[in-house]
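> Can you look at this prediction? I've put the sequence above it.
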Amino acid sequence: KAGVTQTPRYLIKTRGQQVTLSCSPISGHRSVSWYQQTPGQGLQFLFEYFSETQRNKGNFPGRFSGRQFSNSRSEMNVSTLELGDSALYLCASSLVGGGAGANVLTFGAGSRLTVL
Amino acid sequence: DQQVKQNSPSLSVQEGRISILNCDYTNSMFDYFLWYKKYPAEGPTFLISISSIKDKNEDGRFTVFLNKSAKHLSLHIVPSQPGDSAVYFCAASFSGYALNFGKGTSLLVTP
């Protein structure tokens, strides 16, 4: 079955712009999580969505937001981009998310954002 | 505040020998621990997990050991193969919510 698909794979933006990243989870997976990967900080949790509801949120400013649609597809948005937002943004899906054991995540290949 | 720490940014091991990757955590509430492997230009892929009620879990060449009193876990790869060369991330969670990842250890297995 198809894996987690993220689009676009690469994008370049300038400071002050906004960006929307898209994620299609594995069919049947209802939980979608987003992570930011930077060389200095590793993978940091942004938020998790389950059944169109944000269930958990990491320690990121309000410029970072997301949503989930009824088909479980998810988008994340970053407004007023800053240089420090340059990172690899990873989406991951799982059947039901947290509260059900180890919650093994399946990751997409990521969207690499460069902010100039 | 980094709750999961991988203090070795890199490790080099000869093919056929054992690779030992270490991870420390600070939050005693964590009850699930996972290891992921990441190749360049790909997302992390799940390797192996362990719950806090166990101290060892084995899957083929991969074994994870958990020492709760020391808040320490390790991943053993035996024997190491060149294809194991990747970045390995340790992760921990409370009941599977909001995985906390370490910064990763880059493993190089040389022929």
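Cool, the structure landed.
> A:P8: neighbour count?
Neighbours of A:P8 under the rule other Cβ atoms under 10 Å in any protein chain shown: 12. The C-beta positions use only the backbone N, C-alpha and C, and glycine is treated the same way.
> A:L88 too?
19.
> And it, how close does it get to A:A100?
A:L88 sits at a distance of 27 Å from A:A100 (criterion: Cβ to Cβ, to the nearest Å).
> where does B:D84 fall, phi/psi-wise?
phi -80, psi -10 (degrees, to the nearest 10).
> Pretty sure A:S27 is one of the things A:L95 touches, is it not?
No - if you go by Cβ atoms under 8 Å, A:L95 and A:S27 don't touch, sitting 10.9 Å apart.
> Could you pull out the strands in chain A for me?
Shown for chain A, the strands assigned by DSSP state E span residues A:5-7, A:10-13, A:19-24, A:31-38, A:42-50, A:53-57, A:64-68, A:74-78, A:87-94, A:106-107, A:111-115.
> tally of neighbours for the residue lying closest to B:R17 once chain neighbours are set aside?
Closest residue to B:R17 apart from its sequence neighbours, by Cβ to Cβ, 6 or more residues apart in numbering or on different chains: B:S80 at 5.7 Å. Number of residues near B:S80 (other Cβ under 10 Å) recorded here: 23.
> Ok, B:G16 next?
Applying other Cβ under 10 Å, we find 11 residues neighbouring B:G16.
> For the residue of chain A positioned farthest from its centre, what are phi and psi?
Relative to the centre of chain A, and counting by Cα atoms, centre = their mean, the farthest-placed residue is A:G101 at 21.6 Å. Backbone torsions of A:G101, given as degrees, to the nearest 10, read phi 80, psi -150.
> how close does it sit to A:T53?
Distance from A:G101 to A:T53, by Cβ to Cβ: 20 Å.
> in the sheet, who's paired with the residue nearest the centre of chain A?
For chain A, the residue nearest the mean C-alpha position is A:W34 (2.8 Å; Cα atoms, centre = their mean). The bridge-partner assignment for A:W34, based on DSSP bridges, gives A:F47, A:C91.
> tell me the contacts of it?
A:23, A:45-48, A:66, A:74, A:76, A:89-92 (Cβ atoms under 8 Å, 6 or more residues apart in numbering or on different chains).
> one step back: okay if I get the strands of chain A as CSV plus distance to B:D31 and mean pLDDT?
Shown next, in CSV, are the strands of chain A (distance: least, Cβ to Cβ, whole Å; pLDDT from 0 to 100):
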stretch, distance to B:D31, mean pLDDT
strand A:5-7, 29, 97
strand A:10-13, 37, 97
strand A:19-24, 27, 98
strand A:31-38, 18, 95
strand A:42-50, 17, 92
strand A:53-57, 16, 92
strand A:64-68, 26, 97
strand A:74-78, 26, 98
strand A:87-94, 16, 96
strand A:106-107, 21, 96
strand A:111-115, 31, 97
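> Could you count how many residues lie near the spatially closest residue to A:F45 that is not a sequence neighbour?
With sequence-adjacent residues excluded and distances taken as Cβ to Cβ, 6+ apart, A:F45 is closest to A:G58, at 4.0 Å. By other Cβ under 10 Å, 16 other residues sit near A:G58.
> ok, now the one 10 residues further on?
Look at A:Q68: counted by other Cβ under 10 Å, it has 24 neighbours.
> how close does it get to A:Q17?
Taken as Cβ to Cβ, the span from A:Q68 to A:Q17 is 24 Å.
> residues in contact with A:N56?
A:N56 neighbours (Cβ under 8 Å, 6+ apart): A:45, A:47-48, A:98, B:97-98.
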